[in-house]
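Student: The following block contains a protein sequence and its predicted model.
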Amino acid sequence: MIIRPLRFKMVAIGKCSSIYRASLEFDFPEPSSGKLGLTKLPACNYGGKSFGFSISGTEVKTSFVAPLRAIEASRTSQVIGKAENLQRPGCDSDDLPTNDCNGFSGKGVPQMSTIGNSTNIVWHKCSVEKCDREELLQQRGCVIWVTGLSGSGKSTLACALGRGLHARGKLTYILDGDNVRHGLNRDLSFKAEDRAENIRRTGEVAKLFADAGVICIASLISPYRKDRDACRALLAEGDFIEVFMDVPLHVCEARDPKGLYKLARAGKIKGFTGIDDPYEPPLTSEIVLRQNQGLCDSPNDLADTVISYLDKKGYLKA
Ligand SMILES: Nc1ncnc2c1ncn2[C@@H]1O[C@H](COP(=O)(O)OS(=O)(=O)O)[C@@H](OP(=O)(O)O)[C@H]1O
Ligand SMILES: Nc1ncnc2c1ncn2[C@@H]1O[C@H](COP(=O)(O)OP(=O)(O)O)[C@@H](O)[C@H]1O
């Protein structure tokens with residue numbers, strides 16, 4: 001196995017003055033077998049099998065198996081509220097889309113909606129839908145939302161998970177808090193309302209990836225329960241899988257790979273999560289990854305836990 005060095009470069013992006021572009025990778029030794037190998041990192045306190053976890057949550061619906069309908073038709077419909085309220089013609093039944101190519105059904109004027117500041121908008125629906133994309137990809141789109149303190153191992157898990165799923169032929173995409181703040185969210189700071197907007201935007205993007213059929217891995221501190229729950233509410237039941245990196249503050253602070261805790265303790269960074277800004281731990285995560293007796297599993301073992309969950313819930317097939 002090859003472990004590439006962990007590299008961090010501190011940069012100032014928009015209002016964020018101390019975020020890092022992270023680059024870390026673990027190469028898995030057994031890609032052909034599709035089985036993850038154990039990774040033991042020197043200088044990391046892994047301790048073999050002693051990282052505990054628990055899995056909870058309700059059974060997800062069975063996957064849609066409708067054939068791909070490459071029909072050049074489209075339709076419009078009004079959509080308000082949660083994704084589970086969306087009509088899914090062509091997915092859950094043999095109904096074909098009934099609207100014509102101009103996007104109107106001929107049954108009257110389409111209903112307009114007002115969403116936020118957008119007035120007079122109409123949802124435009126296409127006949128190639130999520131289930132069709134999932135059929136192509138042979139997987140089910142979902143969002144794995146990794147939350148935890150800075151230094152708890154979110155990015156490391158996200159990378160290990162991305163590699164593990166990639167080795168199994170699954171399409172993933174990582175939305176890492178640090179990285180998303182380099183572009184889409186470069187205008188946001190770390191004050192509460194900006195963190196909320198950071199989570200909201202990332203949640204919406206993650207939802208689009210899931211709709212594309214991709215297994216989207218979002219790794220952000222996402223310290224406020226309300227914001228995480230709002231992201232959950234964007235997705236259909238079961239499609240939002242919250243992974244809580246339940247690593248105590250003193251462990252994260254001891255790791256301090258970017259030196260941020262040190263700066264926060266010295267008062268040089270204000271409003272740092274866990275120091276002088278709150279972190280609200282999840283109450284009902286699907287997966288909790290926690291240390292046991294001060295030791296934890298390797299990132300690959302942790303990724304295996306998540307992959308087993310996805311497999312059990314049917315996300316690794318269409
Ligand atoms: N004030 C403050 N509080 C917490 N974190 C800070 C802060 N300032 C900069 N950083 C760096 O930004 C990374 C967290 O970004 P996120 O987008 O995940 O944060 S949040 O979800 O909006 O709270 C976080 O990266 P991770 O260590 O990967 O979590 C930090 O490196
Ligand atoms: N399972 C683990 N056990 C021990 N150390 C880990 C583990 N996962 C990550 N680390 C180390 O902890 C530090 C923080 O990891 P990172 O993934 O950057 O956390 P986060 O993204 O939550 O800030 C890094 O030095 C990393 O090597």
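Tutor: That came through, no problem. Ligands and ions are numbered 1, 2, ... in the order given.

Student: which residues does the residue of the stretch 1-150 of the chain found nearest ligand 1 contact?
Tutor: Going by C-beta to the nearest ligand atom, ligand 1 is nearest to Ser150 of the stretch 1-150 of the chain, at 3.3 Å. The C-beta positions use only the backbone N, C-alpha and C, and glycine is treated the same way. Listed by C-beta atoms under 8 Å, 6 or more residues apart in numbering, the contact set of Ser150 reads 221, 252, 258, 260-261, 272-274.

Student: List only buried entries from these.
Tutor: 221, 252, 258, 260-261, 272-274 (16 or more other C-beta atoms under 10 Å).

Student: Stretch 140-159 spans what distance, first to last residue?
Tutor: 19 Å (C-alpha to C-alpha, to the nearest Å).

Student: Stretch 132-147 too?
Tutor: Terminal-residue distance, stretch 132-147 (C-alpha to C-alpha): 30 Å.

Student: what's the neighbour count on Pro278?
Tutor: Per other C-beta atoms under 10 Å, the neighbour tally for Pro278 reads 10.

Student: Please list all residues in contact with the closest residue to it other than its chain neighbours.
Tutor: Closest residue to Pro278 apart from its sequence neighbours, by C-beta to C-beta, 6 or more residues apart in numbering: Pro223 at 6.2 Å. Pro223 is in contact with 147, 195, 273, 277-280, counting by C-beta under 8 Å, 6+ apart.

Student: Tell me the secondary structure at Pro223.
Tutor: Secondary structure, DSSP: H, G, I helix; E, B strand; the rest coil: Pro223 is coil.

Student: Please report how far it lies from ligand 1.
Tutor: 5 Å (C-beta to the nearest ligand atom, to the nearest Å).

Student: hang on, Val205 in a strand?
Tutor: No: counting by three-state DSSP, Val205 falls outside a strand, being helix.

Student: Look up phi and psi at the nearest residue to it once chain neighbours are set aside.
Tutor: Spatial nearest neighbour of Val205, excluding adjacent residues (C-beta to C-beta, 6+ apart): Leu175 at 6.2 Å. With angles defined as degrees, to the nearest 10, Leu175 sits at phi -110, psi 100.

Student: Would you mind confirming that Leu175 makes contact with Ser219?
Tutor: Yes: using C-beta atoms under 8 Å, Leu175 makes contact with Ser219 at a distance of 7.3 Å.

Student: Counting neighbours, what do you get for Ala212?
Tutor: Ala212 has 15 nearby residues by other C-beta under 10 Å.

Student: now do Gly271
Tutor: Gly271, neighbours per other C-beta under 10 Å, totals 14.

Student: SS state for it?
Tutor: Secondary structure of Gly271, per three-state DSSP, is coil.

Student: which is the next helix or strand following the least confident helix or strand in the chain by mean pLDDT?
Tutor: Among the helices and strands of the chain, strand 74-77 carries the lowest confidence by mean pLDDT, DSSP states H and E, at a mean of 37. Heading C-terminal from strand 74-77, the first helix or strand you meet, by DSSP states H and E, is strand 113-115.

Student: re the thing from before, dump the residue contacts of the residue nearest to Val205.
Tutor: Counting by C-beta under 8 Å, 6+ apart, Leu175 has contacts 202, 205-206, 209, 216-220.

Student: Would you reformat those as JSON lines and include distance to Lys125, secondary structure and pLDDT?
Tutor: Putting the contacts of Leu175 into JSON lines (distance: C-beta to C-beta, whole Å; DSSP: H, G, I helix; E, B strand; the rest coil; pLDDT from 0 to 100) gives the following:
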{"residue": "Thr202", "distance to Lys125": "25", "secondary structure": "helix", "pLDDT": "98"}
{"residue": "Val205", "distance to Lys125": "20", "secondary structure": "helix", "pLDDT": "98"}
{"residue": "Ala206", "distance to Lys125": "21", "secondary structure": "helix", "pLDDT": "99"}
{"residue": "Phe209", "distance to Lys125": "19", "secondary structure": "helix", "pLDDT": "98"}
{"residue": "Cys216", "distance to Lys125": "21", "secondary structure": "strand", "pLDDT": "99"}
{"residue": "Ile217", "distance to Lys125": "27", "secondary structure": "strand", "pLDDT": "99"}
{"residue": "Ala218", "distance to Lys125": "25", "secondary structure": "strand", "pLDDT": "99"}
{"residue": "Ser219", "distance to Lys125": "31", "secondary structure": "strand", "pLDDT": "98"}
{"residue": "Leu220", "distance to Lys125": "30", "secondary structure": "coil", "pLDDT": "98"}
